[in-house]
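J.: Sequence and predicted structure, then a few things I'm wondering about:
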Amino acid sequence: MTSLSAGYQHTQKLTFPKSALSHLRANRSARANVASSPGLDIGQVRFPGDGLRGASVRVFAQPVLKPTDAIIKVAASCICGSDLWPFRGLQPVDAPMHMGHEYCGVVVEVGSAVKTVRPGQFVVGSFCLSDDTCPHCRFGFQSSCEQREFMSGAQAPYARVPLADGTLVATGTMPDDDLIPSLLAVSDVLGTGWYAADAAREQPGPTVAVGGDGAVGLMGVLAAKQMGAERIIAMSRHKARQDLALEYGATDIVSERGEAGVTRIKELTKGVGADSVLECVGTNESMHQAINCARPGGSVGFVGVPHGVELDGEFLFFAQKSLLGGPAPVRRFLPHLMELVLSRKINPGKVFDLTLPLEGVAEGYRAMDERRAIKTLLRL
Ligand SMILES: [Zn+2]
C-alpha cells in the first residue's frame, strides 16, 4: 500500500465524465440499471485494511440502494477531526472505509419513496441520518432517531444519502458559489457548535466559556454570539485560532488549561464561574475543566467525542451542574442555520483554513494531522 509520503494512490482518475451524469439522469426511471451503468462509478476515499496512514482513492458505483435514498453530486465536503482517528491508526480499521460525513450538493437521483427533495435541488444534510418522524426526531433529537444511521462516503464526487426525506433540507434557489463553504459548515461543524451552545442553555446575557479551539469550538463561539451571550471566554493557546475566536465574537481569551484554566475563568467571573460552558474537546481533562468552570446551577454542553472521560458520582453530585451533550441533532438546526448563511448574517465557512480539490485529499489529512490546518475544505 502507498505510504503517507507517497500520498494517495489514484487507482482511477477522479474526474467524472459528463456523459455519466446525463446517463444517470436518463436512468432515473430505471433505477435498477444504475448499479451496472457504465461510467457511473463514484469515487470514495478508502483506507486500506491495515488501517495505517497509507490510503488510496478508489472509484466505484454508488447507486440508490433503498427507496429512501438520494444521490447527490457533492459540491463540497471536508475532513473532520474524527476522520483522523482511523487515519492515525488509533481506531481499528479492518476493512475499507468510505470516508466523509459532511456534505452539500445537488440531488441527481432519488429513490421511489423520496418525497421532499427532487433532482436539481441544492441540499444540505446532517452527518446523522434521520427519518425526522419518530418520537425522538419530533422531540428535536434527530441524532437519536430510531432509524439513525451515520453518513459516510461524502469525500467523493457523488454520495448516497440514506433517509433523504428526513435528512436533507433544500435551498429555495441555487446558492451563490461563495456561500458553499458556509453551507457545508452547517452540516456538522457549525451544527455541532450550535448544539453545544443550545445544550449549555445559552441565552442572551450571561457569560459563556468555550473549551476547545478546534473548528467546533470556534463555531461554539459563533453560536454563543448569535444567541446573545454578552461575554464569551474562548480557551485557546494558538494565535490564529484566538484571532478567529475574537472575530466570531469572543470577548476574552484564556490560554491556561486544566486547573489553571478553571482558576482563570473564576477570576474573570468574580469567583462565580460561567453560566454556560461549551466542551468541544472530549478528553478527561477538558471535561473536568468544563464542569469546574460552570457556576453551580450552570450548564455544560459537551460535544467533544469522549476519549477516556471518567466522571465520579460524588463529584457530579456536589457539582450541581446540568450536563447535556452527544452527537448533535444538526437536523433540528438546519433550516435556521442555512437561512443565517443564505442571508449572509454569519460566515462559518471562514473556519476552513485550507481548501483543496478532492484529488488533494491526502494533503488535507496530513495538514490536519500535523496541525497545519484547523479544517480542510474539499471542493469539487
Ligand atoms: Zn427519527
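T.: Received the coordinates, thanks.
J.: Do you know the pLDDT at Val64?
T.: According to the prediction, Val64 has pLDDT 85.
J.: Make sure Leu65 is actually in contact with Arg160.
T.: Yes. When contacts are counted by CB atoms under 8 Å, Leu65 is listed as touching Arg160 (6.7 Å). C-beta coordinates here come from the backbone N, C-alpha and C atoms, glycine included.
J.: So for the two, which sits in the more crowded spot?
T.: When neighbours are counted by other CB atoms under 10 Å, Leu65 and Arg160 differ, and Arg160 comes out ahead with 23 against 14.
J.: In three-state terms, label that one for me.
T.: Secondary structure, DSSP: H, G, I helix; E, B strand; the rest coil: Arg160 is strand.
J.: Distance check, it against the ion.
T.: 19 Å (CB to the ion, to the nearest Å).
J.: same question, Lys115
T.: Look at Lys115 and the ion: by CB to the ion, they are 16 Å apart.
J.: Also Val303?
T.: Val303 is 20 Å from the ion, by CB to the ion.
J.: That residue - nearest residue in space that isn't next to it in sequence?
T.: In space, and not counting its chain neighbours, Val303 is closest to Ala196: 4.4 Å by CB to CB, 6 or more residues apart in numbering.
J.: Find the helix or strand that the one you found is a member of.
T.: Counting by DSSP states H and E, the element that carries Ala196 is helix 191-199.
J.: Pull the residues that contact that helix.
T.: 126, 208, 210, 215-224, 227, 229, 276, 278-280, 299-303, 324-325, 328-330, 333-334, 337 (CB atoms under 8 Å, 6 or more residues apart in numbering).
J.: next one: stretch 217-230
T.: Under CB under 8 Å, 6+ apart, the answer for stretch 217-230 is 185, 189-190, 192-194, 196-198, 202-208, 210-212, 232, 234-236, 241, 244-245, 248-251, 276, 278, 280-281, 303, 340, 346, 348, 351, 374.
J.: Return stretch 329-343 as PDB; C-alpha atoms alone will do.
T.: Extracted as PDB, the C-alpha positions of stretch 329-343 are listed here (Å, rounded to 0.1, in the frame of the first residue of the first chain):
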ATOM      1  CA  PRO A 329     -29.100  16.800  16.300                       C
ATOM      2  CA  VAL A 330     -28.000  19.100  13.400                       C
ATOM      3  CA  ARG A 331     -31.200  18.400  11.600                       C
ATOM      4  CA  ARG A 332     -33.100  20.400  14.200                       C
ATOM      5  CA  PHE A 333     -31.000  23.500  13.400                       C
ATOM      6  CA  LEU A 334     -30.500  23.100   9.700                       C
ATOM      7  CA  PRO A 335     -33.300  25.400   8.400                       C
ATOM      8  CA  HIS A 336     -32.400  28.200  10.800                       C
ATOM      9  CA  LEU A 337     -28.600  27.900  10.200                       C
ATOM     10  CA  MET A 338     -29.000  27.700   6.400                       C
ATOM     11  CA  GLU A 339     -31.100  30.800   6.500                       C
ATOM     12  CA  LEU A 340     -28.500  32.600   8.500                       C
ATOM     13  CA  VAL A 341     -25.900  31.700   5.900                       C
ATOM     14  CA  LEU A 342     -28.000  32.400   2.900                       C
ATOM     15  CA  SER A 343     -28.900  35.900   4.300                       C
END
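J.: Before I go, just wanted to say thanks for your time.
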